[in-house]
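Q: Structure for the following, please:
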Amino acid sequence: MGRVTVSPYLEHPLLIDRQAHRRVDVDLATTDAVVASRGAVLMRDGRLMRVPGDAIRDATLRAFLGHEGGRGSGGERDRGGRDVGLVVPTDPDVDLASWIADGATLTPLRAVLGALTDDPDGQEDRELATTAVALAAWHDTHGRCARCGEPTVAVQGGWVRRCEAEQRDHYPRTDPAIIVAVTDADERLLLAHAAHWSAGRFSHLAGYVEPGESFEQAVHREVAEEVGIDVADVAYVASQPWPFPASVMVGFRARAASSDLTPDGVEITEARWVSRGQFAAEVAAGTLVPPPVGSIARALLEDWLGAPAVETAPDDVSDT
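A: You can find the predicted model right below:
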């Protein structure tokens, strides 16, 4: 197993310059914006669309995402590019009708992550899409103050919600979750089926980090809780923004101390060890569906496999 890279850009600075110091000054009503609605973004011809800010007049949210496209020929920043915002239309069926008639689609973010290219333009789209969906989801669920229950309003370019009754600011949250590729002494990979997934879908064990524990401790606990084994040699691999609705996935490798699996029967209904040959055979037969393209789960799997995981079954991205 080698170095895992979900995207070649995730280890480097953001391509979108968020310019937090300008959030209170940008005119969001006129800034070109990406469109998000119910976990999906507006796409056309394989790219994330930017629509004129004043083209959607009735919006439940406007936010400033940053400045895009300001790269020189060598990738360094220059003074070019443009501001880009987020708009969440109040009625997407009405406000987006003309673009949809012209070939645009509201595409779920999971599908977007797997479809975008790995060049700088694709990565800019990926950064904007994940940020837009995460911000929209946070605003949608934080309309009232968690302390007093009074309504909150969006301020600071959409990056803060303020309770005016208490003059208290609330900030977007990100919930860390671990995901771990566990192998045994024979280099077999542990794959599990979650109770809410469609038939045949298998992936690595994962779970939220709880208060009072490190990422590595969360790995030990989740594996023990879900399949009843201990692990060793827990090592960080990579991370990925995962706003479904507000996570960052932190990826690890680990070695199993034993091979006796006992699924908990609640979250995990089936768990098994697979060799590389067995994995390839089952995918070809359609009896095992791997994690979707564009996910850290897929990157961890293909790192173990040593090759792309070609699948014949439809890739139901709604499972993850």
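Q: Which stretches in the protein count as helices?
A: Per DSSP state H, the chain carries helices over the ranges 92-95, 97-101, 109-115, 120-141, 215-227, 276-285, 296-305.
Q: Tabulate those helices (CSV), appending distance to T262, mean pLDDT and mean neighbour count.
A: The way it works is simple: take the backbone N, C-alpha and C, and place the C-beta from them, glycine included. What follows is these, written out as CSV (distance: least, Cβ to Cβ, whole Å; pLDDT from 0 to 100; neighbours: other Cβ atoms under 10 Å):
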stretch, distance to T262, mean pLDDT, mean neighbour count
helix 92-95, 46, 91, 15
helix 97-101, 49, 92, 12
helix 109-115, 30, 93, 20
helix 120-141, 35, 96, 21
helix 215-227, 6, 98, 19
helix 276-285, 21, 94, 15
helix 296-305, 22, 95, 21
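Q: From start to finish, how long is stretch 250-269 in a straight line?
A: 23 Å (Cα to Cα, to the nearest Å).
Q: Could I get the average pLDDT for that stretch?
A: Across stretch 250-269, the average pLDDT comes to 96.
Q: so how far is that stretch from its chain's centroid?
A: 23 Å (Cα atoms, centre = their mean, to the nearest Å).
Q: do stretch 193-205 as well
A: For stretch 193-205, the distance to the chain centre is 18 Å (Cα atoms, centre = their mean).
Q: so where's the stretch 1-150 of the chain shaky on pLDDT?
A: 1-3, 5, 70-80 (pLDDT under 70).
Q: 50 instead?
A: Counting by pLDDT under 50, the stretch 1-150 of the chain has low-confidence residues at 72-75, 77, 79.
Q: Isn't D260 up against I229?
A: Yes - between D260 and I229 there is a contact at 6.8 Å, judged by Cβ atoms under 8 Å.
Q: Of these two, give the one with the bigger neighbour count.
A: Remark: of D260 and I229, I229 carries more neighbours, 19 against 9, as counted by other Cβ atoms under 10 Å.
Q: residues of the top strand by length along the chain that come out buried?
A: Ranked by number of residues, the top strand in the chain under DSSP state E is strand 231-242. If you call a residue buried by 16 or more other Cβ atoms under 10 Å, then strand 231-242 has these buried ones: 231, 234, 237-242.
Q: and L191, what are its bridge partners?
A: Beta-bridge pairing for L191 (DSSP bridges): R272.
Q: show me what contacts it?
A: Counting by Cβ atoms under 8 Å, 6 or more residues apart in numbering, L191 makes contact with 202-204, 271-274, 279, 288.
Q: among these, who's most crowded?
A: Going by other Cβ under 10 Å, F202 tops the contacts of L191 with 26 neighbours.
Q: just to revisit the earlier point, farthest pair within the buried residues of strand 231-242?
A: V231 and P241 (25.4 Å; Cβ to Cβ).
Q: To what extent is the nearest residue to M49 once chain neighbours are set aside buried, counted in neighbours?
A: In space, and not counting its chain neighbours, M49 is closest to L42: 4.6 Å by Cβ to Cβ, 6 or more residues apart in numbering. L42 has 25 neighbours, counted by other Cβ under 10 Å.
Q: Since that was my last question, I'll sign off now.
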